[in-house]
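>>> Structure of the sequence below:
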Amino acid sequence: MKGKSIVASTILVAVATVTVRLFSFVREMVLASSYGAGMVSDAFVISFTLPTIVLALLGTSTATVFIPVYTKIESDKEYFTSNILTLLALVGLLFTAVFATFPESLVFIFASQLNTETFTLATELLRIMTWAAIPILLIGLLQSYLQIKNAFFTAAILIIPINIYTILSILLSKSVEVPSIMAYGVVIGNIMALIFLFAAVYRKGYIYKPVINLKMPELQMLFVMLAPVILSIFINDLNQIVDRNFASSLAVGSISSLNYAGKSINILIATIGAPLATVLYPRMSEFAAQGNTVEIRKCITECTKRLIPVLLPAVVGIFIMAEPVIRILFQRGEFTSHNTQIAMECLRMYAPLLLFSSLNAIITRALFSVSDTKSPAIISAICVAVSIAINFILIGPLAHIGLALSTSISAMLTTILLLIVLRKRIGLLHLKRNAKEWCKVLIATVIMSITVSIGLYLLPVMDGNTIQCILLTGVLVLLGVSVYILMHKILKTDFISESVILIRNILKSRQNKKEKTNEL
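Coordinates of the predicted model:
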């Protein structure tokens, strides 16, 4: 896959991911408008995230290691895929049987300090949502299969039904005052997404056959790689469990506020860093299978060079504009200005995640591609321990702010350690060659941030109604982007010139394809 193809595929994945995340964001906005940041929203956030977090131990980790193993298989790849799908379905059935019967145990692990009313509602919602276990486990693997087939856009876009049905169920539950309806919407949405994904892989030539073969050599290979990835995800999940428990000891609504702020930053991570990691992963796995670490290094260095000029100003911009952003997105209905203030404080502390989480996704995939799944697990354990320690230190004086800040510090430490390990695995990345360029990026970012901060101070962004807030926020964003681009031109950075050349090449390539099609 050439540079133009990687960029084009990344753009397609980004468009699909943004679309999905926008629906996810609408879900959070509808939840905030309908129930604010209170008991019902806290219960829903807990019950909605619990199955995903727990099932990610197997589902996400299996989908992750599936790609490099599938790439190496020379025998019946479709048989291998069916074998894994069957095993995942059985695990999902077991999960449903256990936690539909005893949901209280799972809620207690994640949020032991909830008040009685919130705990009871979360338990009721979770009992229903566990029926989405099988779809949740299978969706990730089917998406990985489509990514291998270069159907990145399809893999990303087909999970939209999850959010559509959840949004409709939230609105319906509020209108009839029956919160449990939200849980049924989540289950139906996951089932519909699974159906659409099966239809997509069928069009790629795959037909599921119910088989179980635990002795399959490729399955044994997957199990060997799987254990460290499961451990890594478990450790990250442990961090969320601890954070939820800390947040449950704070004022009612703290869990929701952290969730709203987290969703705000995650949509940007999913738009910029995650699509690039998704597109590069199958390609890096192919290079690794060929023993070509030079190309893997080239992928990482080139992507890092292009990401930093985009991510750094975005981090600063989010920190500066956090309050109007939260107001525009959530402050309506039951979500008050007080809730905005709390969520804004969390968003500012989460802002660095945009940079570090995006880089971590790419570096981790690079390590996975060379069959190193142990290092990310060990690094995750170290960083989670640091995060928990920081939580204990900061929750007293800073409350919810301390919880969000500890997450960003942990992500930064993860990036540093991952880079050290990656260098040992594949050699020097030669990132220092870009130091001069990044200094120029830093200067442009500082000038941009000063300009936007002055504009935010002078303009009545938060004084009028929501429409005025939207318009003035848009003005400040355009001002910041214009100043940033102008500074790049003044400083003569490579970012602008390379971006222009890349766009021209993509457009030229599409024009050539169009002309060839017309000739035919």
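
>>> ok, residue 402 to residue 344 distance?
Residue 402 sits 15 Å away from residue 344, going by C-beta to C-beta, to the nearest Å. C-betas here are computed from N, CA, C, even on glycine.

>>> Of the two, give the one with the bigger neighbour count.
Shown here are residue 402 and residue 344; by other C-beta atoms under 10 Å, residue 344 has more neighbours (22 against 19).

>>> Wait, that one touches residue 319, no?
No. Applying C-beta atoms under 8 Å as the test, residue 344 and residue 319 come out as separate, 10.3 Å apart.

>>> what about the residue nearest to residue 324 when sequence neighbours are not counted, how many neighbours?
Once flanking residues are discounted, residue 324 sits nearest to residue 473: 4.6 Å by C-beta to C-beta, 6 or more residues apart in numbering. Neighbours of residue 473 under the rule other C-beta under 10 Å: 20.

>>> do the same with residue 434
Residues near residue 434, counting by other C-beta under 10 Å, number 18.

>>> check contacts around the closest residue to it other than its chain neighbours.
Spatially, and ignoring its direct neighbours in sequence, residue 434 is nearest to residue 305 (5.2 Å; C-beta to C-beta, 6+ apart). Residues near residue 305 by C-beta atoms under 8 Å, 6 or more residues apart in numbering: 434, 437, 494.

>>> Equivalent analysis for residue 350, please.
Residue 350 neighbours (C-beta under 8 Å, 6+ apart): 261-262, 264-265, 404, 407-408.

>>> Repeat that for residue 328.
Counting by C-beta under 8 Å, 6+ apart, residue 328 makes contact with 466, 469-470, 473.

>>> Go through those and flag which are in helices.
Judged by DSSP state H, those include 466, 469-470, 473 as members of helices.

>>> so which helix or strand takes in the residue nearest to residue 434?
Element membership for residue 305 (DSSP states H and E) is helix 293-330.

>>> Quick check: mean pLDDT of the helix or strand just after that helix?
The first helix or strand that comes after helix 293-330 along the chain, using DSSP H and E, is helix 337-350. Over the span of helix 337-350, the pLDDT mean works out to 84.

>>> now helix 337-350 against helix 293-330, angle please.
170 degrees (axes from the mean of the first three to the mean of the last three C-alpha atoms, to 10 degrees).

>>> and the helix or strand following helix 337-350, what's its mean pLDDT?
Downstream of helix 337-350, the next assigned helix or strand under DSSP H and E is helix 353-369. Averaging pLDDT along helix 353-369 gives 82.

>>> Go through helix 353-369 and flag the buried ones.
353-369 (16 or more other C-beta atoms under 10 Å).

>>> Residue 386 sits in which helix or strand?
Short version, using DSSP H and E: residue 386 is in helix 374-398.

>>> what about the helices in the stretch 151-300 of the chain?
152-157, 160-176, 181-203, 217-248, 254-289, 293-330 (DSSP state H, counting those that start in this stretch).

>>> Confidence-wise, which of those helices is weakest overall?
When I compare the helices of the stretch 151-300 of the chain, helix 254-289 is least confident, with a mean of 69.

>>> residues near residue 41, how many?
28.

>>> My read is that it contacts residue 29, right?
No. Assessed by C-beta under 8 Å, residue 41 is found out of contact with residue 29, at 11.8 Å.

>>> Right, I'll leave it there.
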